[in-house]
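A.B. asks: show me the folded form of this:
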Amino acid sequence: MRKLFRKMIHAVWKRDDVVISGYYGYGSLGDEAVLEQITESLRENVPDCRIGVLSARKGHQNGAPNTHRIGRTNPLAILWALLRCRLFISGGGSLLQDTTSKRSLFYYTGIIRAARFLGARVFIYANGIGPISNSKRAETALQCAHAISVRDLDSFYAVLAMGIAPERVMLSADPIFLLRPDISGTCSFPYGKNYFVVSLRTCCNGEIEESILVNACKKLKEAGLEAVFVSMQDSFDRDLCMRVCRACGGVMAEKMTASAFAKFLSGAQFVISMRLHCILMAALSGTPAVALSYDCKIDSAMEYLEESTTLDAFFFTERMLLEACRSASSRGDTGREHLCTRADALFRLAQKDAYMAAGLLSAGRTAGTVNGWEAPAGAKL
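C.D. replies: Below you'll find the predicted structure:
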């Protein structure tokens, strides 16, 4: 009866081919860049597909044809979208976790289960999984998926620990690695050649020691390096960044697009970051990062990038931070080349997710292979 009802709905009302769920519409540069890469990869492989995005901000998405946003807190709008779509994508991001809020896990698992119940194909797309205290709820949602990909090894092991069969889980990479910024040539930013980037955020599980960071930035400035602060999401980042920036005599960067931000990072000597996507985009640009880890996803990302300069965001000293910065900047061209090579490998992994999504949308018909991976009908090979 459900299949018949869906066919009747599809015959009468225009539908979205894909509905994407994630942390979208909150002004996060990293998450919006991830959404842009997912939608672009879908459209490259399945031209003219219609995409709906569950988002805190409604309306049409700028510069993206056949893409619109659906209110993520409107139950009727969500159910109507799920009833009419062919493919439901949950990702990317750390969606299946309950450290930020118990409600977050209930929200994302509930939508996954509703999508499967209403007859859509379900793809858990490049997720970061955990930490989760209610693993049974997450496991039930994962069992609903037609395909599961995770962005790091820790998430892979977390899914296996829930009892999901290994053959159902694919180790992938964050969709941000699908971004191919032009980092050639010189940067046109007004910071000169000797600057480093600082990306901070407030957290619910602790507070960073601002005075230590201020003193370290002052020492680096005395050594001839300009501190440039970036706010990746103003609601969490801007006030903290402004306070530290003023105290150490640094500079606040202007708002940028994802591509411009990657170009900006490529000109930095190194990056000090609490933000995951600042670290990942720095790797895309070949710039070493010092991670101030407040969450296991930061540790997983640094391990996946084969980077060793990770400090606990709430327990570090000025000496530890300065030594980590010296270690990151001392790698020179060899270290940058290694990061670019690693980013290229992660780009190829992220492409597999793009092909998988298109394959699910095309009901699994294949037209060829790329590096041994089956690509969907209509995919550009």
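
A.B. asks: which parts of the stretch 51-200 of the chain are helices?
C.D. replies: For the stretch 51-200 of the chain, helices defined by DSSP state H, counting those that start in this stretch occupy the ranges 75-84, 102-117, 135-143, 153-161.

A.B. asks: closest one to Asp48 among the ones you listed?
C.D. replies: helix 75-84 (16.6 Å; C-beta to C-beta). All C-beta spots, glycine's among them, are computed from the backbone N, C-alpha and C.

A.B. asks: domain assignment for this structure?
C.D. replies: With automatic domain parsing serving as the domain definition, the record reports that the chain contains domains spanning 2-179+346-376, 195-284+289-330.

A.B. asks: mean pLDDT for those: which is lowest?
C.D. replies: Of all those, the segment with the smallest mean pLDDT is domain 2-179+346-376, scoring a mean of 84.

A.B. asks: on that earlier part again, export the helices of the stretch 51-200 of the chain to JSON lines and append columns for mean neighbour count and distance to Tyr355.
C.D. replies: Below are the helices of the stretch 51-200 of the chain laid out as JSON lines (neighbours: other C-beta atoms under 10 Å; distance: least, C-beta to C-beta, whole Å):
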{"stretch": "helix 75-84", "mean neighbour count": "18", "distance to Tyr355": "24"}
{"stretch": "helix 102-117", "mean neighbour count": "18", "distance to Tyr355": "21"}
{"stretch": "helix 135-143", "mean neighbour count": "19", "distance to Tyr355": "21"}
{"stretch": "helix 153-161", "mean neighbour count": "19", "distance to Tyr355": "19"}
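
A.B. asks: take these and lay them out in TSV including distance to Phe229.
C.D. replies: As requested, these are exported to TSV (distance: least, C-beta to C-beta, whole Å):
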stretch	distance to Phe229
helix 75-84	37
helix 102-117	28
helix 135-143	36
helix 153-161	29
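
A.B. asks: what's the closest of these to Ala358?
C.D. replies: Distances from Ala358 to each of the helices of the stretch 51-200 of the chain were compared using C-beta to C-beta; the minimum, 17.9 Å, belongs to helix 102-117.

A.B. asks: which helices and strands does the closest one pack with?
C.D. replies: With contacts taken as 3 or more C-beta pairs under 8 Å, 6 or more residues apart in numbering; DSSP states H and E, helix 102-117 sits against strand 18-21, helix 75-84, strand 87-96, strand 121-129, helix 135-143.

A.B. asks: and the fourth one with strand 87-96, angle?
C.D. replies: Angular relation of strand 121-129 and strand 87-96 on a 0 to 180 degree scale: 20 degrees, by axes from the mean of the first three to the mean of the last three C-alpha atoms, to 10 degrees.

A.B. asks: contacting residues for Cys203?
C.D. replies: If a contact means C-beta atoms under 8 Å, 6 or more residues apart in numbering, then Cys203 has 274, 294-295, 313 as its contacts.

A.B. asks: how about 6 Å then?
C.D. replies: Under the criterion of C-beta atoms under 6 Å, 6 or more residues apart in numbering, the contact partners of Cys203 comprise Tyr294.

A.B. asks: give me the number of residues near Arg331?
C.D. replies: Counted with other C-beta atoms under 10 Å, the burial measure for Arg331 works out to 16 neighbours.

A.B. asks: what separates it from Val34, distance-wise?
C.D. replies: Using C-beta to C-beta, to the nearest Å, one gets 27 Å for the distance from Arg331 to Val34.

A.B. asks: TSV for the domains of the chain, including distance to Arg336?
C.D. replies: Formatted as TSV, the entries for these read as follows, by distance: least, C-beta to C-beta, whole Å:
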stretch	distance to Arg336
domain 2-179+346-376	16
domain 195-284+289-330	9
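
A.B. asks: Cys340: which of those domains is closest?
C.D. replies: domain 195-284+289-330 (8.1 Å).

A.B. asks: distance from the chain centre to the closest one, please.
C.D. replies: Mean-position distance between domain 195-284+289-330 and its chain equals 17 Å (C-alpha atoms, centre = their mean, to the nearest Å).

A.B. asks: and the helix or strand where Cys245 lies, which residues are buried?
C.D. replies: According to DSSP states H and E, Cys245 maps onto helix 234-248. By neighbour count, with 16 or more other C-beta atoms under 10 Å as the criterion, the buried positions of helix 234-248 are 236-238, 240-241, 244-245, 248.

A.B. asks: closest to Arg84 among the residues you listed?
C.D. replies: Nearest to Arg84 among the buried residues of helix 234-248 is Phe236, at 33.9 Å by C-beta to C-beta.

A.B. asks: just list the residues touching the closest one, thanks.
C.D. replies: Contacts of Phe236 were listed using C-beta under 6 Å, 6+ apart, and they are 201-202.

A.B. asks: any idea how far it is from Glu209?
C.D. replies: Computed with C-beta to C-beta, the distance linking Phe236 and Glu209 is 18 Å.

A.B. asks: repeat that for Thr257.
C.D. replies: Using C-beta to C-beta, one obtains 32 Å as the distance from Thr257 to Glu209.

A.B. asks: Phe315 too?
C.D. replies: As for Phe315, its distance to Glu209 is 9 Å (criterion: C-beta to C-beta).
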